[in-house]
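> the amino acid sequence is not available; the structure is as follows:
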């Protein structure tokens with residue numbers, strides 16, 4: 001993986017690390033919203049919301065438009081696709097580990113004196 005991709009991935013993960021920013025992205029997944037609409041569910045100042053939006057914008061996760069005096073924010077999903085690709089590399093490892101755990105648990109049940117627990 002090249003350095004630029006890793007830097008973008010780090011930026012995306014850093015932006016996703018905050019629950020407020022994840023909630024903002026979840027809201028934007030349903031459609032555009034103004035800063036005021038995005039701020040409504042949170043008990044924080046507009047400057048604090050603006051800081052969160054700047055982090056999301058720098059990470060490429062949102063885009064802010066300008067339509068007359070309305071400045072809608074839009075979700076940009078491309079960085080999330082990069083996260084999905086990165087995580088996907090580890091799927092086979094997790095699946096193999098879970099399969100081995102399942103086999104181990106089945107073996108333990110066979111060895112127990114009463115066999116599998118009766119419910």
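Right, received. Where do you want to start? Computed from a prediction, not measured in an experiment: that's the story for all the values here. Numbers count the residues shown, from 1 in each chain.
> find the least confident helix or strand in the protein, judged by mean pLDDT.
helix 3-16 (a mean of 83; mean pLDDT, DSSP states H and E).
> ok, residues contacting that one?
Contacts with helix 3-16, where a contact means CB atoms under 8 Å, 6 or more residues apart in numbering, come from 1, 21-22, 25, 55-56, 58-61, 79-80, 82-83, 86. (Each C-beta comes from the backbone N, C-alpha and C, glycine too.)
> elements contacting the helix or strand residue 38 falls within?
Using DSSP states H and E, residue 38 sits in helix 35-39. Under the contact criterion of 3 or more CB pairs under 8 Å, 6 or more residues apart in numbering; DSSP states H and E, helix 35-39 touches helix 19-28, helix 46-58.
> longest helix anywhere in this protein?
Scanning the chain for the helix with the most residues, using DSSP state H, yields helix 91-111.
> just among the contacts of helix 3-16, which is most surrounded?
In terms of neighbour count, residue 56 stands highest of these at 28 neighbours, by other CB atoms under 10 Å.
> list the contacts of that residue.
Neighbours of residue 56 in contact, by CB under 8 Å, 6+ apart: 15, 21, 24-25, 62.
> list just the nearest of the residues you listed to residue 98.
Using CB to CB, residue 25 is the member of these that sits closest to residue 98, with 28.3 Å.
> roughly how far does the residue most central in space within the chain sit from residue 50?
Nearest to the mean C-alpha position of the chain, by CA atoms, centre = their mean, lies residue 16 at 5.5 Å. In this view, residue 16 and residue 50 are 18 Å apart by CB to CB, to the nearest Å.
> do the same with residue 9
25 Å.
> show me which of these two is the more surrounded one.
residue 9 (17 against 13).
> any low-confidence regions in the protein?
1-6, 67-69, 114-119 (pLDDT under 70).
> nearest to residue 75, of the helices and strands packed on helix 35-39?
helix 19-28 (4.0 Å).
> got the angle for the closest one vs helix 46-58?
70 degrees (axes from the mean of the first three to the mean of the last three CA atoms, to 10 degrees).
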